[in-house]
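**Q** Sequence first, predicted coordinates after that:
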Amino acid sequence: MTWILLLSLLLLTVLLLASRRWVWWKVSLMSVLLLALSGWWLINKLSGDGLNAATLYHLGADMEGAGVADFKGYIAGFIALALASLLLPLLLVRRRTWKESRHGGAVFAGFAATWLVAIAVSPLYRDGHRLYQQTRPVDYTVIAPEYKVPQQPLRKPRNIVWIYGESLERTYLDEAAFPGLMPNLNRLAAQSLDVRGLAQAEGGGWTIAGLVSSMCGVPLTTAQGDENSMDRMGSFLPEAVCLGDYLKQQGYTNHYLGGANGLFAGKGQFLATHGFDEVHDLAWFKQQKIARSHFSTWGVHDDVLLDKAYDRFMQLSKAGQPFMLTTLTMDTHHPAGHLPVACKRTRYQSDYGNIGLLNALKCTDGLISRLVDRIQASPYGEDTLIVVASDHLAMPNDLSHVLAKQKRENLLLFLGKDIAPRQLAATAGSTLDSGATLLSLVDPDIKAIGFGRSLLDPQRADSASVAALRDGGKDFPRYLAFSRSLWLGDTTRQLRIDDDNQVVVGLQHVQPPVLLEYDKQWDLKSVYLENTSKQFEQADPANTLAYVDRCTAFEDGSADGDWCAMLVHREKGIKLYRDDQLRQGFAVDAPLDAFNGPLPSIRQAHMITQKGRRTRAGQYILQLVAKQSPDRGFWIEAVSSKRKVVVAQQWVEPDAEGRITVPFGLDHEVDDLEIRAWLNHAEKLAVDTFALVPSRRGGRS
């Protein structure tokens, strides 16, 4: 299809220059297409699979902790392509000496048709269609009985050490493709239960998704209807029962060591939600007074991490209580990897040249195998089951051209007393089955967790892995839909605000503003946490909407900072629940009050300042000059404590020059004072100048 796309772009260029009629429409359409393709190029470089579930997840999850510096080459390439997308069509038009054409209308029609063909044959359409198939509403009740929660007690608990190697797929152990690259892991593979052919299902192809897939037996998808919701959810898949949850019930303690920031992609939140007693991430390592040379852009290097993992293993073993210790390496992260201090001289000589990622892989081979050897040689080695696994297949990296020629498979090794060394073919198996296989090695009577099935069970029934690999995965969206339901649970018709000012919906605690959309059967169809005022106006008129925010969002006269919830149906009516009612809780299917007229216009808070500033107690004048402002009055607020506390509020109407003056006082010092305005989605406030000055009555900032 690539050559058809290239021909389409060439034909678009010809048609752009063939007639000046509607030329600016043609220029705009051409630029939009080229910008979209440029964006897809960047996303594909990062994900290796175009616009997929991983892309949507990371757009919504907290990006704090990402090693953005590793991708500066890709980002620079995208900026260059974006500039070219905007400028080239304009330059072509400006250099063209026009001659009037009597066929301008036909030329434009041909241009529009070719533009649509270019979209249809481009990866934009393919990825869009794939995402629609994965996220479209489907009936998952038919596969719900397949979801299994282990209940029986473990007859003989064993300590577990699970070592995840970042992007460390088993393909790297192939001696034909990478001779001598990983001799130590190949040695361990020969001593272990070595799972071969382990695939990767949709919703398992990035680090947090790999953890969820292997530990919970479910693919990772975000909350219903809103892919930008991760950092606003109070708990991570609260309805799921994962390996950490089950082991904790059996008297285990669960511990995690990872060199990266636990905030990134919600990893720390996932572990804390699912039975982990201790999560040591980048913040913890920084507290250990480790030299700066032991950190990369992603976090602490693997030599330090795995030494700490061994120390923690010894401490936990001596304590005598069964435990699971999980660690996740980082130095083999795409695109080029990193070398820790312990491996500064490590080099892998190959026909591919001096590639940094190969050096990082060879280093990790030695570091992981050293940890395994130390555990096995310890007095507690016989009581410990060790798992060495990749979190997911490698994303685009400096070896992608080599990996593309190989049969890709995930790494999964089990080592321990009474585990006979052999290779196990994972027929229609994926990382969704890893946790279930581990449990069956601890207790043969346990053969499933979530949708995962033990790969050791010759009678295992078909489930999510089979569906993901069969007929192009056409039945897999049911498993994705079931996984989405685990974010909220089934009881979602009651709403309330808790003591932490979080909206409680089902099992979830959500930071407002939040818009909930219920269908005719009062099932929760969508949860919106971004652009909520716009989503409110664009929602399906046949559904009932529940919007929770400060009362300021709904009322011109509200200045108390309380919470309100508005329920509205275009035909059935409307009702506003105030703070006291919202804290007591109410049913969203209760009768509404009749109303006439258009749908209310909802305001949403828009930040004027970019970061908080420390401000002393005293009297102040906030002075703004707006080069663009709403036609009607609006609220301006000063807020603090991470935007949760309203310090001052004023109703303002700019004068003819756009000037706004707001006096307010602080009776105590504020560490993070910020200013915001309440506007609906169609209103704009563009501030030209901004100043916060002490009034003559005193006060300094």
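**A** Yes, it's here.
**Q** where along the stretch 301-450 of the chain do the helices fall?
**A** Applying DSSP state H, counting those that start in this stretch to the stretch 301-450 of the chain gives helices spanning 302-319, 356-377, 400-403, 434-442.
**Q** Restricting to C-alpha, output the first one in PDB.
**A** Read that as helix 302-319. What follows is the C-alpha trace of helix 302-319 in PDB, where atoms were taken according to Å, rounded to 0.1, in the frame of the first residue of the first chain:
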ATOM      1  CA  ASP A 302      20.800  -2.200  36.600                       C
ATOM      2  CA  ASP A 303      24.100  -3.000  38.400                       C
ATOM      3  CA  VAL A 304      22.900  -1.000  41.400                       C
ATOM      4  CA  LEU A 305      19.300  -2.300  41.100                       C
ATOM      5  CA  LEU A 306      20.100  -6.000  41.000                       C
ATOM      6  CA  ASP A 307      22.700  -5.700  43.900                       C
ATOM      7  CA  LYS A 308      19.900  -4.100  46.000                       C
ATOM      8  CA  ALA A 309      17.500  -6.900  44.900                       C
ATOM      9  CA  TYR A 310      19.900  -9.500  46.200                       C
ATOM     10  CA  ASP A 311      20.300  -7.700  49.500                       C
ATOM     11  CA  ARG A 312      16.500  -7.500  49.800                       C
ATOM     12  CA  PHE A 313      16.200 -11.100  48.900                       C
ATOM     13  CA  MET A 314      18.500 -12.100  51.800                       C
ATOM     14  CA  GLN A 315      16.700  -9.800  54.300                       C
ATOM     15  CA  LEU A 316      13.300 -11.300  53.300                       C
ATOM     16  CA  SER A 317      14.500 -14.900  53.400                       C
ATOM     17  CA  LYS A 318      16.000 -14.500  56.900                       C
ATOM     18  CA  ALA A 319      12.600 -13.100  58.100                       C
END
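**Q** what residues does it touch?
**A** Residues outside helix 302-319 that contact it (CB atoms under 8 Å, 6 or more residues apart in numbering): 159, 161, 163, 253, 255, 257-259, 280, 285, 290, 294, 323, 325, 327, 329-331, 340-343, 363-364, 367-368, 370-371, 374-375, 378-380, 383-384. C-beta here means a position set from N, CA and C on the backbone, and glycine is covered the same way.
**Q** about what we covered before: which stretch in the helices of the stretch 301-450 of the chain is the model least sure about?
**A** The stretch with the lowest average pLDDT out of the helices of the stretch 301-450 of the chain is helix 400-403, scoring a mean of 89.
**Q** Just send the helices of the stretch 301-450 of the chain back as JSON lines, with distance to Ser601 too.
**A** Formatted as JSON lines, those follow (distance: least, CB to CB, whole Å):
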{"stretch": "helix 302-319", "distance to Ser601": "52"}
{"stretch": "helix 356-377", "distance to Ser601": "53"}
{"stretch": "helix 400-403", "distance to Ser601": "49"}
{"stretch": "helix 434-442", "distance to Ser601": "49"}
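**Q** ok, and the closest non-adjacent residue to Gly665?
**A** What sits nearest to Gly665 in space, not counting adjacent residues and going by CB to CB, 6 or more residues apart in numbering, is Gln619, at 4.7 Å.
**Q** wait, that neighbour sits on Ala648?
**A** No: the pair Gln619 and Ala648 fails to qualify as a contact (CB atoms under 8 Å) at a distance of 10.8 Å.
**Q** who touches both of those two?
**A** With CB under 8 Å, 6+ apart as the test, Gln619 and Ala648 both reach Phe664, Gly665.
**Q** how deep is the residue nearest to Gly665 tucked in, by neighbour count?
**A** Burial of Gln619, expressed as a neighbour count using other CB atoms under 10 Å, amounts to 14.
**Q** Am I right that it falls within a strand?
**A** Yes: read with DSSP: H, G, I helix; E, B strand; the rest coil, Gln619 is one of the residues of a strand.
**Q** quick one: it from Trp206, how far?
**A** Applying CB to CB, to the nearest Å, the value for Gln619 to Trp206 is 51 Å.
**Q** Next, the closest residue to Met324 other than its chain neighbours: secondary structure please.
**A** With sequence-adjacent residues excluded and distances taken as CB to CB, 6+ apart, Met324 is closest to Ile160, at 4.2 Å. Taken by three-state DSSP, the conformation at Ile160 corresponds to strand.
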